[in-house]
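Novice: Structure for this input, please:
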Amino acid sequence: MTVSIALFDLGRVVLDWEPARLYDKIFDDAAARDHFLGTVCTMAWHTRHDAGASFAENAGALIAEYPEFEAEIRAWGTRWMEMFNGYIPGTPDLIERLHAGGVPLYALSNMPSDPWPAMLAHFETLQRFRHVVVSGDIRMVKPDPAIFRHTLEAIGNPDPATVLFIDDSAANIAAADALGFRTHHFTGAPGLEAALAAHHLI
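Specialist: All right, here's what the predicted structure looks like:
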C-alpha cells in the first residue's frame with residue numbers, strides 16, 4: 001500500500017529540545033547539572049507531564065521530597081522554552097518540501113499540555129501540521145498503542161500502512177510497527193530525506 005501521509009514526532013525530530021540546555025544556566029558545573037537531572041528532575045518524572053500532569057502539580061510533590069531544589073524544580077515549567085534551541089537541522093526544510101508537495105502532515109508528540117499554545121505560536125513550522133496530538137492533552141503517552149489508535153481516528157482513520165511515522169525513540173517505532181504503520185527511526189535529516197524519497201513523498 002502506498003504511503004501518502006507523514007506523521008512526525010516533535011522533540012528531537014523537529015524541535016531541538018534538551019533539558020540540560022536550561023540547567024547549564026542554573027548549575028555551575030556539568031557534574032552538578034547531571035546529578036540533578038539524574039536524580040531529581042528525571043525523565044521518568046517528566047513523563048508525568050507528558051501524561052497530563054500540570055507543571056505546578058508535578059513540581060509540588062517533587063519539592064516536598066527535595067525542598068533544597070525548589071527553585072531548580074520550578075524552573076522546569078517556568079523556563080521551559082529555554083530548553084529549546086530552535087529546530088533540528090534540516091527537518092524544517094523537509095517539512096516545507098512535503099507541504100509544498102501537498103503531503104498531509106500530522107504530528108504525534110509526548111508533550112506537556114501547559115506550554116503547547118506558546119510553543120505553537122513560537123515555532124512557525126509547527127503550524128504546517130494539519131493536526132497535532134499532544135499527549136498531555138489526552139493523557140496518553142507513546143508507546144502505548146492506545147495513543148496511536150487515537151491518532152489514527154483524529155486524522156481521519158487512514159489505513160496505518162499509508163502513514164509514515166517518524167520518531168527518534170526505538171520503543172515508539174516498535175509500537176507503531178506492531179500496529180501496521182510504516183516507520184522511520186529518526187537519527188538526522190539526511191536519513192529522513194532518504195526515507196521520504198524512498199516512499200515517493202518528496
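Novice: Going by C-alpha atoms from here, please, whenever you check contacts or count neighbours.
Specialist: Will do.
Novice: Who are the contact partners of residue 109?
Specialist: With contacts defined as CA atoms under 8 Å, 6 or more residues apart in numbering, the neighbours of residue 109 are 8-11, 132-135, 142.
Novice: sorry, that was for residue 62
Specialist: Neighbouring residues of residue 62 by CA under 8 Å, 6+ apart: 40, 73.
Novice: most distant residue from the middle of the protein?
Specialist: In the chain, the residue that sits farthest from the middle, by CA atoms, centre = their mean, is residue 68; the gap is 29.9 Å.
Novice: Could you look up the SS state of that one?
Specialist: Classification of residue 68 using DSSP: H, G, I helix; E, B strand; the rest coil returns helix.
Novice: And it, how far from residue 29?
Specialist: Using CA to CA, to the nearest Å, one gets 18 Å for the distance from residue 68 to residue 29.
Novice: now residue 19
Specialist: Taken as CA to CA, the span from residue 19 to residue 29 is 15 Å.
Novice: So if I had to pick from those two, which one is more boxed in?
Specialist: Using other CA atoms under 10 Å, the more surrounded residue of residue 19 and residue 29 is residue 19, with 18 against 11.
Novice: which residue sits closest to that one, ignoring its sequence neighbours?
Specialist: If the residues on either side of it in the chain are set aside, residue 19 comes closest to residue 83, at 5.0 Å by CA to CA, 6 or more residues apart in numbering.
Novice: ok, that neighbour touching residue 18?
Specialist: Yes - judged on CA atoms under 8 Å, residue 83 makes contact with residue 18 at a distance of 5.3 Å.
Novice: ok, these two, which is more surrounded?
Specialist: Between residue 83 and residue 18, counting by other CA under 10 Å, residue 83 is the more crowded of the two (17 against 14).
Novice: quick one on the thing from earlier: now, which of the contacts of residue 109 lie within helices?
Specialist: Members of the contacts of residue 109 lying in helices (criterion: DSSP state H): residue 135.
Novice: and which of the contacts of residue 109 is nearest residue 100?
Specialist: Nearest to residue 100 among the contacts of residue 109, counting by CA to CA, is residue 8 at 16.5 Å.
Novice: any idea how far that closest one lies from residue 2?
Specialist: For residue 8, the distance to residue 2 (CA to CA) stands at 18 Å.
Novice: Of those two, which one has the most company?
Specialist: Counted by other CA under 10 Å, residue 8 and residue 2 do not tie: residue 8 has more neighbours, with 23 against 12.
Novice: right, and the more buried one touches residue 106 too?
Specialist: Yes - counting by CA under 8 Å, residue 8 sits close enough to residue 106 to count as a contact (6.2 Å).
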